[in-house]
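[1] I would like the atomic coordinates for the input below:
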Amino acid sequence: MPKLYQRVTGPLAQSPGTVIYRGEKRVEAVALELFDYDAETLRETRGPELELPPPGRGHGVTWLDVDGLHDTDLLGRIGKVYGLHPLVLEDVVNLHHRPKLEDYGGYLYIVLRMLSFDREEWRLDSEQISLVVGDGFVVTFQERPGDVLEPVRERLRREGGRIRQLGADYLGYALIDAVVDHYFHVLEGMGEAVEDLEEELLGSPARGTLELIHQLKRESILLRRSVAPLRDVASSLARDELPLIGAEVQPFLRDLYDHVIHVIDTVDSFRDILSGLQDLYLSNVSNRMNDVMKVLTIFTTLFVPLTFIAGVYGMNFEHMPELAWRWSYPLFWGMILVLAVVMLIFFRRRRWL
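    Below is the predicted model of the structure:
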């Protein structure tokens, strides 16, 4: 199960801060997207090579979005421009981090998991996204193009919005909030899958139902592992006195914390429901087996005395008076039929049938 434990490839025990990308190469070339804006102006540029504006220019906000992490030379150049610690770049290319927040004084480093749920395959897709939020700039690192941040880009393109009025701390909040809001779409898809399983169990479960329950339960564990650490991240952003977070952004971060708690509670509910569905499936299988065994037992009990009578009169003794009677054969069948009917009536009155 590669999603539960990722195999380590490449050299180990390297010097701290060594930037070595060990993940899968998901794009041929790294793509850069730059938003440079203030309340009145917006400059949006894309391309494999961009002129990176240095931070601390005194006005406006810069958002650099990096798609693709295999070009370590480019990452090193970005790190020099924005003064990123080597350990930050090492964490950016290490794709198996849990969500976390680290304060480096001049900037905040935040790791999130960007999730999507495949309704057809019932599988969860997880991608790491790293954010660097500094004074007047935000840098995001993603594994591949295609994300859940397009609503934030659309808000930047519209004039007069709050996001254009506030600083980089609000942009960082907006990006995190977009990732968290997409969790609700994941929960919606997973909830529909759970409801389908529940209806199938209450109807006529197939042999593959248990496998589907186990798969969905495994995906819910992965979902919780990706979301649960975000509680500490949201709590630190909302409650810790971080110099880079302005007072006007604090109410939004508290609302973000509430959303994270809601997501975690829903995931825990799914896990409990799936455990109950697994128990329900095993109970249904056991009940069906009991019904089969009851029918077999009744037939066995019904035929035991009949077999006994047939066995007695099937013996080859010479002196058996009943064998010479004229009506012995009809009497034999009459005894068997009467005995069978009496036993069936007895079973019915005892509600065994």
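[2] switch to C-alpha atoms for all contacts and neighbour counts from now on
    Noted.
[3] all helices of the stretch 251-353 of the chain, in order?
    With DSSP state H, counting those that start in this stretch, the ranges of helices along the stretch 251-353 of the chain come out as 328-349.
[4] residue contacts, residue 133?
    107, 108, 109, 139, 168, 169, 172 (CA atoms under 8 Å, 6 or more residues apart in numbering).
[5] Regarding it, what is its secondary structure?
    Secondary structure, DSSP: H, G, I helix; E, B strand; the rest coil: residue 133 is strand.
[6] what about it, distance to residue 165?
    Computed as CA to CA, to the nearest Å, the residue 133 to residue 165 distance reads 17 Å.
[7] try residue 39
    From residue 39 to residue 165 the distance is 5 Å (CA to CA).
[8] Tell me which of those two has more neighbours.
    residue 39 (18 against 15; other CA atoms under 10 Å).
[9] Verify the stated contact: the more buried one with residue 159.
    Yes: the criterion here is CA atoms under 8 Å, and residue 39 meets it with residue 159 at 7.4 Å.
[10] how distant is stretch 285-303 from the center of its chain?
    Chain-centre distance of stretch 285-303: 41 Å, with CA atoms, centre = their mean, to the nearest Å.
[11] what does stretch 75-90 give?
    31 Å.
[12] and what of stretch 63-71?
    Per CA atoms, centre = their mean, the centroid offset for stretch 63-71 relative to its chain is 25 Å.
[13] List of residues touching that stretch?
    By CA under 8 Å, 6+ apart, stretch 63-71 touches 21, 23, 25-27, 29-36, 75, 92-93, 137-145.
[14] Give the buried subset of those residues as a PyMOL selection command.
    Remark: buried members of the contacts of stretch 63-71, expressed as a PyMOL selection using 16 or more other CA atoms under 10 Å:
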select buried, resi 21+23+30+31+32+33+34+35+36+75+92+93+137+138+139+140+141+142+143+144
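[15] Which residues are in contact with residue 328?
    By CA under 8 Å, 6+ apart, the neighbours of residue 328 are residue 322.
[16] Okay, it and residue 316: tell me how far apart.
    Counting by CA to CA - residue 328 and residue 316 are separated by 16 Å.
[17] swap in residue 53?
    110 Å.
[18] So those two - more neighbours on which side?
    Neighbour count, other CA under 10 Å: between residue 53 and residue 316, residue 53 has more, with 15 against 8.
[19] Wasn't that one part of a helix?
    No: when three-state DSSP is applied, residue 53 is found to be coil, with no helix at that position.
[20] how close does it sit to residue 257?
    For residue 53 relative to residue 257 (CA to CA), the value is 32 Å.
[21] what does the model give the nearest residue to residue 102 once chain neighbours are set aside for pLDDT?
    Nearest residue to residue 102 in three dimensions, chain neighbours excluded: residue 109, at 5.1 Å (CA to CA, 6 or more residues apart in numbering). Looking at residue 109, its pLDDT stands at 94.
[22] picking up where we left off before, so which of the contacts of residue 133 is the closest to residue 218?
    Checking the contacts of residue 133 against residue 218 by CA to CA gives residue 109 as the nearest, at 29.4 Å.
[23] How about the contacts made by the closest one?
    88, 101, 102, 103, 130, 131, 132, 133 are the contacts of residue 109 under CA under 8 Å, 6+ apart.
[24] Which strand residues bridge the second one?
    Going back to what we said before, that points to residue 101. Beta bridges link residue 101 to residue 110 when assigned by DSSP bridges.
[25] Start at 34, not 1
    I'll keep to 34 as the first residue from here, and by that count the last item is residue 134.
[26] That one: what's it in contact with?
    So residue 134 contacts 141, 142, 143, 144, 266, 269 (CA under 8 Å, 6+ apart).
[27] And those residues, which two are furthest apart?
    So, these by CA to CA: farthest apart are 144 and 269, at 13.3 Å.
[28] which of the two has more neighbours?
    Neighbours were counted for residue 144 and for residue 269 using other CA under 10 Å; residue 144 has more, 24 against 17.
[29] who's in contact with that one?
    So residue 144 contacts 130, 131, 132, 133, 134, 161, 162, 163, 164 (CA under 8 Å, 6+ apart).
[30] Apart from its neighbours in sequence, what residue is nearest residue 146?
    residue 161 (4.7 Å).
[31] what about that neighbour, helix or strand, and which?
    strand 156-167 (DSSP states H and E).
[32] where in the chain is pLDDT low?
    Applying pLDDT under 70 to the chain flags residues 34-60, 89-91, 351-352, 386.
[33] What values do phi and psi take at the residue nearest the centre of it?
    Compute the mean C-alpha point of the chain, and by CA atoms, centre = their mean the closest residue is residue 256, 3.4 Å away. Torsion angles at residue 256 (phi, psi; degrees, to the nearest 10) stand at phi -60, psi -40.
[34] how far away is it from residue 85?
    For residue 256 relative to residue 85 (CA to CA), the value is 35 Å.
[35] Adding distance to residue 321, write the contacts of residue 144 out as TSV.
    Below are the contacts of residue 144 laid out as TSV (distance: CA to CA, whole Å):
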residue	distance to residue 321
130	45
131	44
132	45
133	48
134	52
161	45
162	48
163	51
164	54
